[in-house]
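Participant: Model the following, please.
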Amino acid sequence: MPARPKELSVSQLSGFMQKNTTTGRGANGRPQWLAENAGSVRRVVLFAQNFKSRDFLRCDAVLFGSAHDWMFSVDVTLADFDELPDMSVQDSLLLLRDFLLNIHVLPLDDDLSRSAPPSLSGDTESRRAADL
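Facilitator: Numbers count the residues shown, from 1 in each chain. Purely as a prediction, here's the structure:
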């Protein structure tokens, strides 16, 4: 399956997240966060993680900003993923370097965090209690 990373616009990412929210698909990204922070995002790249189903890929969306970079998971249809342009190998390696040096993993949005198991919600107190 290895697929080259794909570049897309903030608007395209928002559209994928809206589709997922509307249809009740799993990883719908961070719509609330993106709505609040879209202006600070200068570049968006999708990395295919694995097949969620026959028709969907679970992807890592990496958002590069002027001061910080962020990452979260989002499901994307195979058709939508295939329509996005591939990144060159050189650009992919440069992104990997930047990613490893600067990435911040975003916690779940509040509404998603309330329904997530403690191990995914970022609630370290509940997570510690669950681990005991």
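Participant: Let me see the contact set for Thr21.
Facilitator: Thr21 makes contact with Asn28, Pro31, according to Cβ atoms under 8 Å, 6 or more residues apart in numbering. All C-beta spots, glycine's among them, are computed from the backbone N, C-alpha and C.
Participant: Double-check that it belongs to a helix.
Facilitator: Yes: according to DSSP: H, G, I helix; E, B strand; the rest coil, Thr21 belongs to a helix.
Participant: The chain should start at 45 in everything you say after this.
Facilitator: Right, with 45 as the first residue, what we last looked at is Thr65.
Participant: Please tell me the pLDDT value assigned to it.
Facilitator: We have a pLDDT of 83 for Thr65.
Participant: now it: how far from Met131?
Facilitator: Between Thr65 and Met131 the distance is 27 Å, computed by Cβ to Cβ, to the nearest Å.
Participant: do Val88 as well
Facilitator: For Val88, the distance to Met131 equals 12 Å [Cβ to Cβ].
Participant: which residues in this structure form helices?
Facilitator: Residue ranges of the helices in the chain, as given by DSSP state H, are 54-67, 75-81, 122-127, 133-146, 154-159, 162-165, 168-175.
Participant: on contacts alone, who are the packing partners of the fourth one?
Facilitator: For helix 133-146, the contact count by 3 or more Cβ pairs under 8 Å, 6 or more residues apart in numbering; DSSP states H and E identifies strand 100-109, strand 113-121 as packing neighbours.
Participant: Out of the ones you listed, which gets nearest to Leu138?
Facilitator: Closest approach to Leu138 among these (Cβ to Cβ): strand 100-109, 11.1 Å.
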